[in-house]
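Asks: next comes the sequence, and after it the predicted model I'd like to discuss.
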Amino acid sequence: MKQLLYSIGALLTLLNIPINVLAHGTEDEHQQELLLNSMLKNGLISSIVLFAALIAVWYFLKKKMNSLNMKKKEESVKRNRLNTLSKSVLFISVIPLLAAVILGFMQNNESTEDAVTFMHIHGLDYTADGQEIYVPAHDGLKIYSEGMWSNQTEGELHDYMGFSMVEDGFYSSGHPAPGSKMADPFGIVKSIDKGKTLEILDLYEEIDFHGMTVGYKTKDIYVFNPAPNSRMDKPGFYYSTDETKTWNQSKLEGLVGQASTLAAHPTENGVVAIGTDSGVFLSTDYGNSFESLLENVSAVAVSFDHSNSLLVTVPGKLLSISLDGTKQTDLNIPQLNSDDVIAYVRQNPQEANEYVFATFNKDIFITKDSGETWMEIVDQGTAK
């Protein structure tokens with residue numbers, strides 16, 4: 001009996017741990033939610049196992065009771081004790097049963113097999129043929145094609161960060177999926193088969209690059225390096241033109257403010273844009289020197305379109321700016337919540353009038369007429 005009570009106490013402690021960790025922990029939000037998902041799964045399994053064990057004990061007690069002779073005083077007393085104990089065990093078994101039901105419901109709400117939901121959005125872009133949009137969303141890729149959303153069907157559902165589509169696949173950093181044999185963090189990886197397999201390029205198990213961009217056709221790689229590592233002596237802005245075989249640190253001359261976003265030109269080597277809390281800056285020499293394109297604004301997202309202009313989002317606006325700074329167009333966007341802003345924006349490489357953007361509140365909109373009309377395809381993280 002004591003062992004059963006200890007087991008129940010251990011289970012309840014296990015189920016309480018994630019709540020306390022999530023309430024008071026200092027990990028990044030995506031790591032917290034990963035922990036929650038793992039603990040929900042482990043708690044569900046533990047509840048089912050404990051319930052099965054208690055039912056087995058109850059069945060054993062009932063069987064033992066039935067074997068006793070009620071006409072004998074000693075066996076009658078023993079049977080009464082076993083009967084009381086069996087009722088207690090049966091009553092206690094309700095606790096893990098209820099826990100299993102609740103945890104199963106919570107896990108089902110967190111992730112439904114056929115539902116397409118977005119726990120986070122870590123980027124978005126089109127495939128080279130313009131037919132599909134890829135969105136890394138904490139639990140693998142979400143794919144929009146022919147007006148429908150689907151979950152990634154092949155490969156592990158990794159948590160991709162610093163995600164950059166290119167014409168033949170994507171580059172990314174990030175973290176492995178729960179249960180994956182891959183190490184954490186990824187460093188820089190590449191896939192040419194929609195995430196089915198990953199090629200490890202550099203800094204595996206060392207760095208998770210949140211600030212990374214790759215040229216759509218040039219394959220120039222730019223990263224904000226947060227800490228010294230085996231390939232980079234100190235923090236800073238680095239680039240590679242040979243798929244991470246060599247790295248060079250940029251001087252960042254002329255850049256003003258705290259960097260918040262970056263984008264590599266899809267076809268021009270060495271051309272990179274950085275948005276800061278003080279404006280938007282353009283470099284044509286791999287980030288060694290910058291010229292200001294837009295001043296006195298806090299840039300949230302930057303993205304080169306496929307017409308040699310730069311898309312820039314600032315609170316409440318989506319701008320298209322020519323690279324020489326002489327032309328600026330304010331594109332029409334749908335009304336967003338007052339606390340929301342566009343986090344990522346891309347132009348279809350095959351359809352100049354088609355754009356897609358995602359917001360920090362996990363809304364995604366698409367237009368096929370250069371912003372005259374927009375259609376919401378994700379509402380607060382739920383596909384429509």
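Replies: Now that the structure is in, tell me what you want to look at.
Asks: all strands of the stretch 101-250 of the chain, in order?
Replies: If DSSP state E, counting those that start in this stretch is used as the criterion, the strands of the stretch 101-250 of the chain fall at 125-126, 132-136, 141-145, 148-151, 159-166, 169-175, 188-191, 199-202, 212-214, 221-225, 236-240, 248-249.
Asks: those strands: which one's closest to Ala301?
Replies: strand 212-214 (11.3 Å; C-beta to C-beta). Bear in mind the C-beta positions are built from the backbone N, C-alpha and C, glycine included.
Asks: strand partners (parallel or antiparallel) of that closest one?
Replies: Applying DSSP bridges, strand 212-214 is found paired with strand 221-225 (antiparallel).
Asks: taking strand 159-166 as reference, get the angle to the partner strand.
Replies: Interaxial angle, strand 221-225 versus strand 159-166 (axes from the mean of the first three to the mean of the last three C-alpha atoms, to 10 degrees): 150 degrees.
Asks: tabulate the strands of the stretch 101-250 of the chain (TSV), appending mean pLDDT and mean neighbour count.
Replies: Output for the strands of the stretch 101-250 of the chain, formatted as TSV (pLDDT from 0 to 100; neighbours: other C-beta atoms under 10 Å):
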stretch	mean pLDDT	mean neighbour count
strand 125-126	96	23
strand 132-136	97	24
strand 141-145	97	20
strand 148-151	96	16
strand 159-166	96	25
strand 169-175	97	24
strand 188-191	98	22
strand 199-202	98	16
strand 212-214	98	26
strand 221-225	97	23
strand 236-240	97	21
strand 248-249	98	15
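Asks: in the stretch 201-350 of the chain, where is pLDDT below threshold?
Replies: When residues are selected by pLDDT under 70, none of them lie in the stretch 201-350 of the chain.
Asks: gap between stretch 361-370 and the chain center?
Replies: Here stretch 361-370 shows a centroid-to-chain-centroid distance of 20 Å under the convention C-alpha atoms, centre = their mean, to the nearest Å.
Asks: if we can go back for a sec, between the strands of the stretch 101-250 of the chain, which gets nearest to Ser320?
Replies: strand 125-126 (17.0 Å).
Asks: which residues touch that closest one?
Replies: 132-134, 163-165, 170, 346-350, 356 (C-beta atoms under 8 Å, 6 or more residues apart in numbering).
Asks: between those residues, which is closest to Ile321?
Replies: Gln347 (13.4 Å).
Asks: in the chain, which residue is most central in space?
Replies: With distances taken as C-alpha atoms, centre = their mean, the residue of the chain nearest its centroid is His138 (1.9 Å).
Asks: got phi/psi on that residue?
Replies: Main-chain torsions, His138, degrees, to the nearest 10: phi 80, psi -40.
Asks: Thr261 now?
Replies: Backbone geometry at Thr261, expressed as degrees, to the nearest 10, gives phi -160, psi 160.
Asks: for the closest residue to it other than its chain neighbours, list each beta-bridge partner.
Replies: The shortest distance from Thr261 to any non-neighbouring residue, by C-beta to C-beta, 6 or more residues apart in numbering, is to Gly275 (4.2 Å). Residues in a beta bridge with Gly275, per DSSP bridges, are Thr261, Val280.
Asks: Gly275 - how many residues pack around it?
Replies: 27 (other C-beta atoms under 10 Å).
Asks: my guess is it meets Ser260, correct?
Replies: Yes: Gly275 is in contact with Ser260 according to C-beta atoms under 8 Å; the separation is 5.5 Å.
Asks: list residues touching both of these two?
Replies: Joint contacts of Gly275 and Ser260 (C-beta under 8 Å, 6+ apart) are Ala299, Val300.
Asks: tell me the pLDDT of Tyr6.
Replies: Note on Tyr6: pLDDT of 36.
Asks: as a check, name the ranges of all helices in the protein.
Replies: Remark: helices assigned in the chain by DSSP state H are 2-24, 29-66, 73-110.
Asks: am I right that the residue nearest to the centre of the chain is in contact with His122?
Replies: Yes: assessed by C-beta under 8 Å, His138 is found in contact with His122 at 7.2 Å.
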